[in-house]
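# What follows is a predicted protein model with its sequence.
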Amino acid sequence: MFYREAGDFKTSYVADSQTFPIKFDRFRYYAVLLVAFAIVPFVINDYWVNAVFLPFLIYSIAAIGLNILVGYCGQVSLGTGGFMAVGAYACYKLMTGFPEVSIFFHVIISGGITAGVCVLFGLPSLRIKGFYLAVATLAAQFFLVWLFNRVGWFYNYSASGQINAPERTVLGVPITGAETAPWAAYLFCLVFTVVCALVARNMTRGMQGRQWMAIRDMDIAAEIIGVNPLKAKLSAFAVSGFFVGIAGALFFAVYLGAVEVGEVFGINKSFLVLFMVIIGGLGSIFGSFAGAAFLVLLPVLLKNVLVGGLGWPTDLAAHFEFIIVGGLIVIFLVAEPHGLAQLWRVAKEKLRLWPFPH
């Protein structure tokens with residue numbers, strides 16, 4: 001009974017086209033932000049930050065980036081793990097080369113570097129699409145992992161071949177390193193997640209987003225009505241790479257602290273982010289958050305229930321997780337291709353009509 005539009009009048013085009021036109025949606029959005037910024041930092045501990053909140057926030061950024069490319073522009077990509085590695089290694093080189101610069105700018109510049117690399121590997125999209133483009137981006141994944149493994153300059157010729165994040169602070173508060181407080185790492189990632197989500201939401205609702213969706217639906221027809229395929233496709237690769245690069249930089253510097261590219265940013269990472277987008281919903285910013293939350297919380301839930309509650313072996317619980325994820329992907333592709341976002345959209349429509357049947 002509370003989810004109503006009665007009395008919620010719009011008196012201008014700006015009010016009618018805002019992101020959350022229904023007042024209840026706006027209040028819910030403000031309430032979520034208030035809880036995330038003002039309450040959660042004071043109640044979380046190290047376990048919740050490292051097991052749930054940091055992976056969720058970082059994977060949400062990566063899923064948003066991939067969703068812009070795959071869900072909005074229709075360009076299939078299997079190189080997300082490699083592009084996250086570009087962001088991580090760019091952040092490492094910036095942190096070690098320019099220690100006087102704030103890590104905040106290092107993360108942003110890492111996203112820009114990754115955007116350039118994505119545009120370079122996105123050039124084949126001008127001539128190929130579908131499975132052929134997927135294979136091209138898969139080649140980028142393997143090439144980037146090989147490059148960071150073989151060229152010693154990227155990891156400063158370390159004997160172990162891995163990179164370690166130096167200790168850095170923001171406004172005197174440690175953000176990386178062993179002295180980092182859980183709330184500080186959480187808030188640092190939360191700021192990037194909120195800003196990236198707002199930027200992506202506004203871009204996909206504007207002229208650029210309409211161009212991407214026109215290319216996705218039918219690129220020939222989009223070109224006939226005046227959409228430049230070169231600009232639209234490469235801009236999608238650039239924006240996607242920017243978000244994915246930020247996610248990779250945060251994943252390395254704030255979350256893990258030490259990275260070996262083959263283990264952390266392998267092909268499994270690319271498929272994991274792709275599964276988040278598929279389960280959450282293609283072409284939906286909310287779906288990126290829903291898919292990331294689902295695939296982050298699922299292992300934690302199964303471990304607590306199957307291993308802690310039922311006493312299952314850890315390896316058996318891990319295999320059971322693969323079965324569940326694979327089954328859900330098949331179910332969503334067949335029964336609900338738009339994923340959890342569409343289920344949430346249908347539930348909201350039902351709430352708007354309840355208790356009336358029509």
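Received the coordinates, thanks.
# mind listing what residue 222 touches?
Residue 222 is in contact with 211, 214, 215, 229, 232, counting by Cβ atoms under 8 Å, 6 or more residues apart in numbering. In short, each C-beta sits where N, CA and C put it, glycine included.
# starting at the chain centroid, how far to the lowest-mean-pLDDT helix or strand in the chain?
Every helix and strand in the chain was compared by mean pLDDT, DSSP states H and E; the lowest is helix 13-16, with a mean of 75. For helix 13-16, the separation from the chain centroid amounts to 29 Å (computed by Cα atoms, centre = their mean, to the nearest Å).
# Other residues contacting that helix?
10, 21.
# helix or strand right after the longest helix belonging to the chain?
Using DSSP state H to define each element, the chain has its longest helix at helix 182-205. Later in the chain than helix 182-205, the nearest helix or strand by DSSP states H and E is helix 207-217.
# and the angle from that next one to helix 182-205?
70 degrees (axes from the mean of the first three to the mean of the last three Cα atoms, to 10 degrees).
# which helices and strands does helix 207-217 pack with?
helix 219-224, helix 229-250 (3 or more Cβ pairs under 8 Å, 6 or more residues apart in numbering; DSSP states H and E).
# Show the average pLDDT along it.
Per-region confidence: helix 207-217 scores 91 on mean pLDDT.
# Report the buried residues of it.
208, 209, 211, 212, 213, 214, 215, 216 (16 or more other Cβ atoms under 10 Å).
# Same list, the residues you listed, but as CSV with distance to residue 294 please.
As requested, the buried residues of helix 207-217 are exported to CSV (distance: Cβ to Cβ, whole Å):
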residue, distance to residue 294
208, 28
209, 25
211, 30
212, 25
213, 25
214, 30
215, 28
216, 24
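# Of these, just say which sits nearest to residue 78.
residue 216 (17.4 Å; Cβ to Cβ).
# hmm, back to that, past the least confident helix or strand of the chain, which element shows up next along the chain?
Taking DSSP H and E, what comes next after helix 13-16 is helix 23-34.
# Now do that next one and helix 182-205, the angle between them.
Put simply, helix 23-34 runs at 150 degrees to helix 182-205, going by the same axes, to 10 degrees.
# what about the nearest residue to residue 261 once chain neighbours are set aside, is that helix, strand or coil?
Distances taken as Cβ to Cβ, 6 or more residues apart in numbering place residue 148 nearest to residue 261, at 4.3 Å, with adjacent residues excluded. Of the three states, residue 148 takes helix according to DSSP: H, G, I helix; E, B strand; the rest coil.
# contacting residues for residue 148?
85, 89, 154, 155, 261 are the contacts of residue 148 under Cβ under 8 Å, 6+ apart.
# Please narrow the residues you listed to those residing in helices.
Per DSSP H, those map to helices at 85, 89, 261.
# Which of the residues in stretch 270-279 are classified as buried?
The neighbour-count check on stretch 270-279 (16+ other Cβ under 10 Å) flags 270, 272, 273, 274, 275, 276, 277, 278, 279 as buried.
# do stretch 252-266 as well
Using 16+ other Cβ under 10 Å as the test for burial, stretch 252-266 gives 252, 253, 254, 255, 256, 257, 259, 260, 261, 264, 265, 266.
# Stretch 52-71 now?
So stretch 52-71, judged by 16+ other Cβ under 10 Å, has buried residues 53-71.
# Of the residues you listed, which belong to helices?
Per DSSP H, these map to helices at 54-67.
# Between those residues, which sits nearest residue 335?
When these are compared against residue 335 (criterion: Cβ to Cβ), the nearest one is residue 67, at 20.1 Å.
# where are the low-confidence patches of the protein?
The chain contains residues with pLDDT under 70 at 1-7, 355-358.
# What's the local residue count around the closest residue to residue 252 other than its chain neighbours?
Once flanking residues are discounted, residue 252 sits nearest to residue 88: 3.6 Å by Cβ to Cβ, 6+ apart. Residue crowding around residue 88 was assessed by other Cβ atoms under 10 Å; the count is 29.
# okay, the contacts of residue 148 in a markdown table with distance to residue 116 next?
Shown next, in a markdown table, are these (distance: Cβ to Cβ, whole Å):
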| residue | distance to residue 116 |
| --- | --- |
| 85 | 15 |
| 89 | 14 |
| 154 | 16 |
| 155 | 20 |
| 261 | 19 |
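# what about residue 230, distance to residue 276?
29 Å (Cβ to Cβ, to the nearest Å).
# Now do the strands in the stretch 251-358 of the chain.
Assigned by DSSP state E, counting those that start in this stretch, the strands in the stretch 251-358 of the chain fall at 258-259.
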